[in-house]
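In: coords please:
(chains A and B)
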Amino acid sequence: MKRSKAACRYDRRVLALSLVYAVCLIGATWLFKHQLVSGALAWAVAILPALPICGLFATMGLYVVEETDEYLRVLMIRQTLWASAFALSIATIWGFLESFGLVGHVASYCVAILYYAGLGLGTLIARLSSLRRAA
Amino acid sequence: MKNRLKVLRAERDWSQGDLADRLGVSRQSVNAIETGRYDPSLPLAFRIAELFGLPIEAIFVSPSAEA
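Out: Numbering: from 1, shown residues only, chains lettered A, B, ... in the order given. Down below sits the predicted model:
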């Protein structure tokens, strides 16, 4: 299936940011492991791997702005709504379970992982929905 | 929303890809509109109507008329 120009740009940005994320994560982990950073620099280095992830969210917004095909735009918006609902629901449920001492603590950046899992879920739901309606 | 897009396209011997190219949208969009999974915006509905040289109501069935 031919990808739109906006979708190609989206793919390129996601790939570039994923590479930047990998480099930042490996670099930050190495610096902390060898105790080479402290004070304000430690804060900056710790935040570094989060920035490309934030960039990925911005990339989704850019895609919605740049995509000229209204149907593809709607599909992306639906997927992001599914992803938000999925990630926030699980984070909320986990938060209450954690508050009542039933489960252990999970780092909050896991919400981003849940969000991307939710995007996949949204894509799957959209595919199944289109197959059901076409039948 | 029900429509006559598939019939009108077939009369002209156009594939979904041909129609998509003429409208400047993706083939997925044409498929979604044809099968009633997506209702086009008013500007796109006008583009479709202008392409076929028909009024909008000759292509798309009003939901109130369907009831």
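
In: ramachandran coordinates for the residue in chain B that chain A sits nearest to?
Out: With CB to the nearest CB, the shortest gap between chain B and chain A falls at B:Ser29, namely 3.8 Å. For the C-beta atoms, the positions are set from N, CA and C on the backbone; glycine is no exception. Phi and psi for B:Ser29, reported as degrees, to the nearest 10, are phi -60, psi -50.

In: please apply the same query to A:Ser38.
Out: Summarising the backbone geometry of A:Ser38 under the convention degrees, to the nearest 10, its torsions are phi -160, psi 170.

In: what helix or strand is A:Tyr10 located in?
Out: Assigning secondary structure by DSSP states H and E places A:Tyr10 in helix A:5-33.

In: repeat that for B:Leu8.
Out: Per DSSP H and E, B:Leu8 falls inside helix B:5-11.

In: who in chain B is up against chain A?
Out: With the criterion set to CB under 8 Å from any CB of the partner chain, chain B comes near chain A through B:24-29, B:32-33, B:35-38, B:40-41, B:44.

In: for chain B, what's the longest helix?
Out: The residue-count maximum for a helix in chain B (DSSP state H) belongs to helix B:42-52.

In: where does pLDDT dip in chain A?
Out: Regions of chain A meeting the criterion pLDDT under 70 cover residues A:1, A:133-135.

In: so the residue in it that chain B sits nearest to, which state does it fall into?
Out: Residue nearest to chain B within chain A: A:Tyr71 (3.8 Å; CB to the nearest CB). Counting by DSSP: H, G, I helix; E, B strand; the rest coil, the backbone at A:Tyr71 sits in helix.

In: pretty sure it contacts B:Arg27?
Out: No - look at A:Tyr71 against B:Arg27 with CB atoms under 8 Å: they stay out of range, at 10.3 Å.

In: contacting residues for B:Leu23?
Out: By CB atoms under 8 Å, 6 or more residues apart in numbering or on different chains, the contact list for B:Leu23 reads B:29-30, B:44, B:47-48, B:51.

In: returning to that earlier point: tell me the buried residues in the helix holding B:Leu8?
Out: Neighbour counts over helix B:5-11 (16 or more other CB atoms under 10 Å in any protein chain shown) mark B:5, B:8-9 as buried.

In: contacting residues around it?
Out: With CB under 8 Å, 6+ apart as the contact definition, helix B:5-11 has outside contacts at B:15-16, B:18-19, B:30, B:33-34, B:48, B:52, B:54, B:59.

In: columns distance to A:Val37 on top of those residues, output as JSON lines?
Out: JSON lines is the format used below for the contacts of helix B:5-11 (distance: CB to CB, whole Å):
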{"residue": "B:Ser15", "distance to A:Val37": "59"}
{"residue": "B:Gln16", "distance to A:Val37": "56"}
{"residue": "B:Asp18", "distance to A:Val37": "59"}
{"residue": "B:Leu19", "distance to A:Val37": "58"}
{"residue": "B:Val30", "distance to A:Val37": "54"}
{"residue": "B:Ile33", "distance to A:Val37": "55"}
{"residue": "B:Glu34", "distance to A:Val37": "58"}
{"residue": "B:Ile48", "distance to A:Val37": "59"}
{"residue": "B:Phe52", "distance to A:Val37": "65"}
{"residue": "B:Leu54", "distance to A:Val37": "68"}
{"residue": "B:Ile59", "distance to A:Val37": "64"}
